[in-house]
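> here are the coordinates; sequence isn't available:
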């Protein structure tokens, strides 16, 4: 598995509170069920668009994120995958 894919799956699993295996199984099942429903494989990136976390644009209760919250997300995205996971683990 390419390093970038492994890092992305590991990060997504941590964010969603799942094991890496559970995250992979969920995404594979979703991909296969969508392929079966439409007769074709989804386009690259389709999973990310359909399943993008709403927390990126809204906070609790669907309220827009504050400037501080947006700045925190920008800072988090600048960290390496290992540091992101370490911070998520620390915050849990």
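Received it, and whenever you're ready, just let me know what you need. Since this is a predicted model, take the numbers as computed values, not measurements.

> can you give the domain ranges for this protein?
Domain assignment for the chain, taken from automatic domain parsing, gives 1-52, 57-92.

> mind putting the ones you listed in TSV, mean neighbour count and mean pLDDT included?
(Glycine included, C-beta is placed from N, CA and C.) Formatted as TSV, those follow (neighbours: other C-beta atoms under 10 Å; pLDDT from 0 to 100):
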stretch	mean neighbour count	mean pLDDT
domain 1-52	12	75
domain 57-92	11	80
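
> pick out the residue closest to the middle of this structure.
residue 12 (3.9 Å; C-alpha atoms, centre = their mean).

> if I look at the closest residue to that one other than its chain neighbours, how far off is residue 82?
Nearest residue to residue 12, sequence neighbours excluded (C-beta to C-beta, 6 or more residues apart in numbering): residue 23, at 5.5 Å. Taking C-beta to C-beta, to the nearest Å as the measure, residue 23 falls 17 Å from residue 82.

> equivalent analysis for residue 90, please.
Distance from residue 90 to residue 82, by C-beta to C-beta: 13 Å.

> swap in residue 11?
For residue 11, the distance to residue 82 - C-beta to C-beta - is 10 Å.

> got any residues that touch both of those two?
Here residue 11 and residue 82 have no joint contacts, going by C-beta atoms under 8 Å, 6 or more residues apart in numbering.

> which strand or helix spans the residue nearest to the centre of the chain?
helix 3-16 (DSSP states H and E).

> what separates that helix from the chain centre, distance-wise?
Taking the mean of its C-alpha atoms, helix 3-16 sits 7 Å from the chain's own mean (C-alpha atoms, centre = their mean, to the nearest Å).

> residue 30 and residue 1: what is the separation?
In terms of C-beta to C-beta, residue 30 sits 18 Å off from residue 1.

> let me redo that: residue 88
On the measure of C-beta to C-beta, residue 88 and residue 1 end up 21 Å apart.

> sounds good, over and out.
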